[in-house]
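J.: build the 3D model from these lines:
(one chain, ligands or ions: 1)
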Amino acid sequence: MTTKPNPIDMAKYVSARRALDYVQDGMRIGLGTGSTAAWMVRCLGEMVRQDGLRVTGVPTSARTAELARQCGVPVATLEDAKWLDLTIDGADEFDPDLSLIKGGGGALLQEKIVATASDMMVVITDKSKQVDHLGAFPLPVEVIPFGWQTTKALIEESLIGMDVAGRSVTLRLNRDAPYRTDEGNMILDLHLRRIGNPRQLALVLNQIPGVVENGLFLDICDVVIMGGADGSVEVR
Ligand code: 5RP
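T.: Got it, this is the predicted structure:
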């Protein structure tokens, strides 16, 4: 399996490679989901196969679990690993406080559980994900299928009193059918444009029955690594 990126993937590749500086022999590592995290898994596999690195990976999606196995990274469930030394994952947006929006790839629930069960979370991104205020990227909210339209209406109602610039909520689709997460849930994307108070919003959303989790990652991320298309790397 190649680990040589094309120019478009260069930014993702260099941030993924730099994140592996945080990996030490024997670590239990949360493996994120998405195209940037996939580069990290491929590079980690190379370290396992070529350098004899011994790690245990806890994947955050079925996709990542399959890739990890293909790359030779030993995998375990979070139940087996219990607590992790490090999680490396991508993000859809990050702000100056290292607050994140995640879930563009639909794996936010497992990603948040795994990152929260880790001593450290390193986020791998490119510069396009850096924002002054979260919210330009639609905020994913995972909801259970039962009564999802009622849940959507309650979310819309809760947004009326919120410091946000947009309030439309859409059901995520996959080939004209509702997108389903690994848990069989649905995703509602909240088009908020600007989130004035992410903490308040996260609390309000998670109080609505039917909401499983939201894509705001607050006080979870420790380090953001930004790759550039020219191969440069910046660490926050
Ligand atoms: C998946 C995620 C991803 O980390 C996020 O969507 C970034 O993906 P990519 O690295 O492909 O841009 O949150 O649920």
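
J.: can you report phi and psi for the residue nearest to the spatial centre of the chain?
T.: Nearest residue to the geometric centre of the chain (C-alpha atoms, centre = their mean): Lys102, 4.4 Å. Here is the backbone geometry of Lys102 (degrees, to the nearest 10): phi -130, psi 160.

J.: list the contacts of it.
T.: By C-beta atoms under 8 Å, 6 or more residues apart in numbering, the contact set of Lys102 is 89-92, 108, 111-112, 140, 215, 217. For every residue, glycine as well, the C-beta is placed using N, CA and C.

J.: make CSV from these and add neighbour count and secondary structure to it.
T.: Formatted as CSV, these follow (neighbours: other C-beta atoms under 10 Å; DSSP: H, G, I helix; E, B strand; the rest coil):
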residue, neighbour count, secondary structure
Asp89, 32, strand
Gly90, 27, coil
Ala91, 28, coil
Asp92, 22, coil
Leu108, 28, helix
Glu111, 32, helix
Lys112, 22, helix
Pro140, 26, strand
Gly215, 30, coil
Phe217, 26, strand
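
J.: with these in mind, which one is nearest to Gly161?
T.: Gly215 (20.3 Å; C-beta to C-beta).

J.: so what's that closest one up against?
T.: 92, 101-103, 108, 139-141.

J.: ok, now Val164?
T.: 135, 192-196, 201.

J.: filter the residues you listed down to the buried ones.
T.: Among the contacts of Val164, those classed as buried by 16 or more other C-beta atoms under 10 Å are 135, 192, 195, 201.
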